[in-house]
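[1] Any chance you can model this:
(one chain, ligands or ions: 1)
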Amino acid sequence: MNATGTALVDIIAGARPNFMKIAPIIRAIEKRQADAAAPSGLRYRLVHTGQHYDARMSGDFFTQLGIPEPDVNLEVGSGTQAEQTAAIMTRYERLLLDAPSNLCLVVGDVTSTMACAIAAQKLKVPVAHVEAGIRSGDWTMPEEINRLVTDSITNWFFTTSEVANENLRRAGAREEQIFFVGNTMIDTLLANLERLRPPAFWGEAKLQAGGYFVMTLHRPANVDDAAGFARLIEAVGRAVRGMPVVFPVHPRTAKTLANLPDRPPSLLTVEPQPYLEFNYLVRHAKGVITDSGGVTEETTVLGVPCVTLRDTTERPETVTVGTNELIGTDPAALQPALDQLFAGQWKKGGIPPLWDGRTGERIAQALDRLLVG
Ligand code: UD1
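    Numbering: from 1, shown residues only. Reported below is the predicted structural model:
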């Protein structure tokens, strides 16, 4: 806490999946500040690293989710993992030296998460990590490295599941450092459920609820190798029995897709979708095919069948409690999975504990107690 009775929290966001995670935290902090009876001294500075910079990957989410303009944009742009990490660390360190803050709050597992945590901790600025403790065990994924490094230098862990708590305890975290608060991504989903809306192409493509699939693919393991990607797309085309597959294409995937010799007629490739349109599509889909982690949380809460093209998940509750199934990265596994779905035999699923829409409030309350007292 400062002499003024306030504390400044840097809220870090850099890439698309961060934006839905920070929105409810910002809203909850603002609500506490505006409390007429006992206004909170918690202040925030929104730092966008610029890892994602296209309107479709970044700006649209700010607009739709009512996130204020960032106070600072580090504008790092694209690069290799190390180039991005170095650029974010250098620029965020400079910001902290020029204008210090009391806490660095990072979310998720992207490069910006790890880079800012390192820069802050080295300047003795404590770190809080939202979505801490989840582990895939797969070190070939850059996100897993980001999670391990971030959590190894985090002071306060905000977690989404008991499995995450257990992982942290095993790694030596003390009980008073762990705050089991739930899932901020689900706060955003529940807060926007009534605002979800069909994309402009819905009518033209003659999409009907329950009559199409949604697919997202962006993991290097699935999309960087042209031959493997071609096999995967072909398998999708065969398994969906002629139903349209709405495929919002991530910039990384677009590069491989551009060189694909032919595409199955059912594939409807579209630009990355804004939040409200994407989740409308998911909510009304027959099923979702993905290699994302966040999408499997959303399908779990929406009760939509989800097939994940990965061997591991850092979010096991989407499988044990939710509607998600991991089928691995061999495209041959798609057909039997979708056959089961078409036969009406997909599991129903439930909702994991504390994925209730109030996680942002719990985080803001904890920050208030820890920083302002
Ligand atoms: C990042 C995250 C991943 C997350 C994904 C969601 C890391 C390690 N990975 O991966 O966890 O699921 O975001 O989208 O942080 N590009 C654009 N416009 C943009 C941003 C990127 O064209 O606004 C291009 C880049 O030039 C690059 C590619 O997209 O070629 C990948 O971007 P990058 O930030 O390196 O990682 P993602 O694959 O998006």
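
[2] ok, Met114 - contacts?
    Contact partners of Met114, counting by C-beta atoms under 8 Å, 6 or more residues apart in numbering, are 85, 106, 145-146, 149-150. Glycine gets a C-beta too; all of them are placed from N, C-alpha and C.

[3] cool, and Val125?
    Residues counted as contacts of Val125 (C-beta under 8 Å, 6+ apart) are 10, 96, 100-104.

[4] cool, Val307 as well?
    Here Val307 is in contact with 287-290, 324-325, 327, 334, 337-338, 341 (C-beta under 8 Å, 6+ apart).

[5] Kindly recompute the last result at 10 Å.
    Applying C-beta atoms under 10 Å, 6 or more residues apart in numbering, one finds that Val307 lies in contact with 213, 215, 236, 239, 287-291, 296, 299, 323-327, 333-334, 337-338, 340-341, 346.

[6] Then Gly14?
    47-53, 58, 74, 76, 84, 88, 106-108, 110-113, 115-116.

[7] so how many other residues sit close to the nearest residue to Trp346 once chain neighbours are set aside?
    Spatial nearest neighbour of Trp346, excluding adjacent residues (C-beta to C-beta, 6 or more residues apart in numbering): Pro305 at 4.3 Å. Using other C-beta atoms under 10 Å, Pro305 has 23 neighbouring residues.

[8] My read is that Pro305 contacts Leu341, right?
    Yes. Shown here, Pro305 and Leu341 form a contact pair, counting by C-beta atoms under 10 Å, at 5.4 Å.

[9] what residues are shared contacts of those two?
    213, 286-287, 325.

[10] circling back to that earlier point, list the ones among the contacts of Val307 that fall in strands.
    213, 215, 287-290, 324-326 (DSSP state E).

[11] ok but Leu193 is inside a helix, no?
    Yes. Remark: Leu193 belongs to a helix, assigned using DSSP: H, G, I helix; E, B strand; the rest coil.

[12] start at 55 instead
    With 55 as the first residue, the last one maps to Leu247.

[13] quick one: stretch 123-134 near the ligand?
    Yes. With C-beta under 6 Å from any ligand atom as the measure, stretch 123-134 is seen reaching the ligand through Ser132.

[14] Show me what that stretch is in contact with.
    In contact with stretch 123-134 (C-beta under 10 Å, 6+ apart) are residues 64-68, 98-107, 112-113, 116, 137-146, 148-149, 153, 165-166, 169-170, 305-306.

[15] List the ones among those that fall in strands.
    Filtering the contacts of stretch 123-134 for strands - DSSP E - leaves 64-67, 98-102.

[16] Most widely separated two among those residues?
    Tyr98 and His102 (12.9 Å; C-beta to C-beta).

[17] Spit out the contact partners of Ile287.
    Going by C-beta under 10 Å, 6+ apart, the list of residues near Ile287 reads 269, 271, 277, 299, 301, 310-311, 314, 316-318, 321, 385.

[18] brain fart, Lys176
    Here Lys176 is in contact with 143, 147, 150, 207 (criterion: C-beta under 10 Å, 6+ apart).

[19] and with 8 Å instead?
    Lys176 makes contact with Glu147 under the criterion C-beta under 8 Å, 6+ apart.

[20] now swap in the one 5 residues further on and tell me
    Contacts here follow C-beta under 8 Å, 6+ apart; on that basis Val181 touches 157-160, 171, 174-175, 204, 207-210.
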